[in-house]
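**Q** Fold the following for me, if possible:
(one chain, ligands or ions: 1)
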Amino acid sequence: MKLITITAYGSPEGQAAISCGKNGRGYYSNAAALEPWRAAVRNAAMDLLGTHQHVPPLSDKLDDKGKPKKNHAGPCQRCGTRKKDHGLLRGALRAEFIVALERPKSVPLDRDPITRSAGDWDHHGRAIGDALNQASVMCDDAQIVDGRVAKYYAGHPNALAMPGAIIRIWPIGGTS
Ligand SMILES: [Zn+2]
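**A** Numbering: from 1, shown residues only. Reported below is the predicted structural model:
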């Protein structure tokens, strides 16, 4: 298969480690900003590739509110495919994510995004990788065997003119 190029517009947000909430559930401390960005990447990928998110079936087990728990590994309610096979690309992948961050007005044009607020390169990689997995581009993030993340302010010659990301994925292996 050829190179796949996905262009997503939005406000890139890194995905740090999961924090533990009062109820013992994990959450991302920046979830309010992270989720719209992951949704932008998901939707751009699904629009381009015609994939859909895995819709987990309900299990017999009940959660603490008495509602049926979702079986996240089970057959998708839309297509019947189990989560581990619910991806368009099945083999090894090479990935490149070129992130374009919004440049604060106070920051001169020639600066690089190296402040804390710009986020770490690997956190940006994790957020985009997760979103591609949710969009069923691949079956598992672990298929990426060779990856690169670059971050710029939007408008840099190597990046988008607007905040967002250019996502390039090369299928480089056979199927697993
Ligand atoms: Zn499905």
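
**Q** quick one: contacts of the longest helix along the chain?
**A** Using DSSP state H, we find that the single longest helix of the chain is helix 31-49. Here helix 31-49 makes contact (Cβ atoms under 8 Å, 6 or more residues apart in numbering) with 4, 6-15, 28, 51-53, 88, 127-128, 130-132, 134-137, 164-165, 167. For every residue, glycine as well, the C-beta is placed using N, CA and C.

**Q** Intersect those residues with the contacts of the ion.
**A** Counting by Cβ under 5 Å from the ion, nothing from the contacts of helix 31-49 sits close to the ion.

**Q** Tell me how this structure divides into domains.
**A** Following automatic domain parsing, the chain resolves into domains at 4-51+87-175, 55-86.

**Q** distance between the last one and the chain's centre?
**A** I take that to be domain 55-86. Distance, stretch centre to chain centre, for domain 55-86: 21 Å (Cα atoms, centre = their mean, to the nearest Å).

**Q** Check stretch 83-98 too.
**A** 11 Å.

**Q** can you tell me the distance between the two ends of that stretch?
**A** 28 Å (Cα to Cα, to the nearest Å).

**Q** Same question for that stretch: list its buried residues.
**A** Buried residues in stretch 83-98, counted by 16 or more other Cβ atoms under 10 Å: 83, 86-90, 92-98.

**Q** Return the member of those residues nearest to the ion.
**A** The ion lies nearest to His86 out of the buried residues of stretch 83-98, by Cβ to the ion, at 5.6 Å.

**Q** Ramachandran coordinates for that closest one?
**A** phi -90, psi 60 (degrees, to the nearest 10).

**Q** Which pLDDT value belongs to the residue lying closest to it once chain neighbours are set aside?
**A** Distances taken as Cβ to Cβ, 6 or more residues apart in numbering place His54 nearest to His86, at 4.6 Å, with adjacent residues excluded. We note a pLDDT of 97 for His54 in this prediction.

**Q** Quick check: His54 touching Lys83?
**A** Yes - with contact defined as Cβ atoms under 8 Å, His54 and Lys83 form a contacting pair (5.2 Å).

**Q** anything in contact with each of these two?
**A** Common neighbours of His54 and Lys83, using Cβ under 8 Å, 6+ apart, are His72, Cys76.

**Q** okay, the domains of the chain, which one's buried deepest?
**A** Counting by mean count of other Cβ atoms under 10 Å, domain 4-51+87-175 has the highest mean neighbour count of the domains of the chain, with a mean of 17.
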